[in-house]
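>>> Need a 3D model of the sequence below.
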Amino acid sequence: MSLITSSIGQGLLWGILALGLYLTFRILNFPDMTVEGTFPFGAAICVSALVHGVNPLAATILSFFAGMVTGLVTGLLYTKGKIPVLLAGILTMTGVYSVNLRILGKANVGLLNKNTLLNGQLLQKLPINFPTIIVGLIIAIIVIVLLAVFLDTDLGQAFIATGDNEKMAQSLGINTDNMKILGLMLSNGLIGLAGGLLAQNGGYADVNMGIGTMVIGLAAIIIGEVVYGNLSLTARLVAVVIGSIIYRLILLLVLQLGFSTNDFKLISAIILAICMMLPLFEQKFRTRKLLKKGVEKP
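Numbers count the residues shown, from 1 in each chain. Below you'll find the predicted structure:
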């Protein structure tokens, strides 16, 4: 039971990252490689702040703003520097690696005997892993509500329009470059926040902990879309978080089947590939079914 509750808690926290990735991957419709640098950057900022005695809530908020900084850098390189978004993200990710080493002072820093957002006095009274679930659920709800409210505003609609049809958005007087920068900042802010939360949950920050995070976020998005199909935008945000939980439970099942934790990255890639191919298989199945019905008609 503790393994299941642990997976649910981690799924909620990873769901924050998936929500951030959803803003660029699905709404703005471009890949942002900054993710794998932003995640450990948020973790490094949060852990460093906690080690120096900063309040856990303040340290967690700092991880969000740290993520926004990396998003801003990528956004400026992309829109003002005219560097392709994929390369802009890689450049930022590479540079942030050295920044993380500067912040932490070494490859990894632990949080032994440090106060975190997940080990408060009230939360310590709960059963094992439940503090992670409670905190993850509260933050996921807050993020989803705030994103839903934002996307329903004129600014949010301009942001969505930029991703749907950039030329049409420009013809309506929308500054699409600003929308892209805003999207990258919000996206990476949430990813940095996830990094801070997961660092507190794991008890450490490591400069290499961002490797494979993009695959994890994409898997959560794709699983949520495959499981729930066509939904409203707000419901899709909820589905992304649920997809993250399902993904963690799938990994738990794989672990129970005897696979090594060293295989998790490979398994993650395979799961993502299968999930991305499911709509194609479904379409082929429907086409064959329709053709079969057509042949059977007299």
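
>>> Now the closest residue to A107 other than its chain neighbours: phi and psi?
Nearest in space to A107, with sequence neighbours left out and distances taken as Cβ to Cβ, 6 or more residues apart in numbering, is V207 at 5.4 Å. Using the backbone N, CA and C atoms, a C-beta is placed for each residue, glycine as well. Per-residue torsions, V207: phi -70, psi -20 (degrees, to the nearest 10).

>>> V207 against L104, yeah?
Yes - at 6.7 Å, V207 counts as touching L104 under the criterion of Cβ atoms under 8 Å.

>>> Next, show the common contact partners of these two.
Here V207 and L104 share the contacting residues A44, scored by Cβ atoms under 8 Å, 6 or more residues apart in numbering.

>>> Could I get the full set of helices for the stretch 151-298 of the chain?
With DSSP state H, counting those that start in this stretch as the criterion, the stretch 151-298 of the chain has helices at 154-164, 166-171, 176-202, 213-228, 233-256, 264-296.

>>> Please tell me how far G81 sits from T38.
18 Å (Cβ to Cβ, to the nearest Å).

>>> same check, this time on G189
9 Å.

>>> between those two, which one's more packed in?
Using other Cβ atoms under 10 Å as the criterion, G189 and T38 rank with T38 on top: 38 against 24.

>>> and I8, which of the helices of the stretch 151-298 of the chain is closest to it?
I8 lies closest to helix 233-256 among these, at 5.7 Å (Cβ to Cβ).

>>> Let me know the angle separating the closest one from helix 213-228.
Using axes from the mean of the first three to the mean of the last three Cα atoms, to 10 degrees, the inter-axis angle of helix 233-256 relative to helix 213-228 is 110 degrees.

>>> What residues sit buried inside helix 233-256?
236-252, 254-255 (16 or more other Cβ atoms under 10 Å).

>>> Just the CA coordinates for the helix or strand where S7 lies, please, in CSV.
S7 belongs to helix 2-22 when elements are defined using DSSP states H and E. Output of helix 2-22 as CSV, limited to C-alpha atoms (Å, rounded to 0.1, in the frame of the first residue of the first chain):
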residue,chain,number,x,y,z
SER,A,2,2.9,2.4,0.8
LEU,A,3,4.3,1.9,-2.7
ILE,A,4,1.0,2.9,-4.2
THR,A,5,0.6,6.0,-2.1
SER,A,6,4.2,6.9,-2.8
SER,A,7,3.5,6.6,-6.6
ILE,A,8,0.3,8.7,-6.3
GLY,A,9,2.2,11.4,-4.4
GLN,A,10,5.0,11.5,-6.8
GLY,A,11,2.6,11.5,-9.7
LEU,A,12,0.9,14.6,-8.3
LEU,A,13,4.3,16.4,-8.0
TRP,A,14,5.4,15.3,-11.5
GLY,A,15,2.0,16.4,-12.7
ILE,A,16,3.1,20.0,-12.0
LEU,A,17,6.0,19.6,-14.4
ALA,A,18,3.7,18.0,-17.0
LEU,A,19,1.3,21.0,-16.7
GLY,A,20,4.2,23.3,-17.4
LEU,A,21,5.3,21.3,-20.4
TYR,A,22,1.7,21.2,-21.7
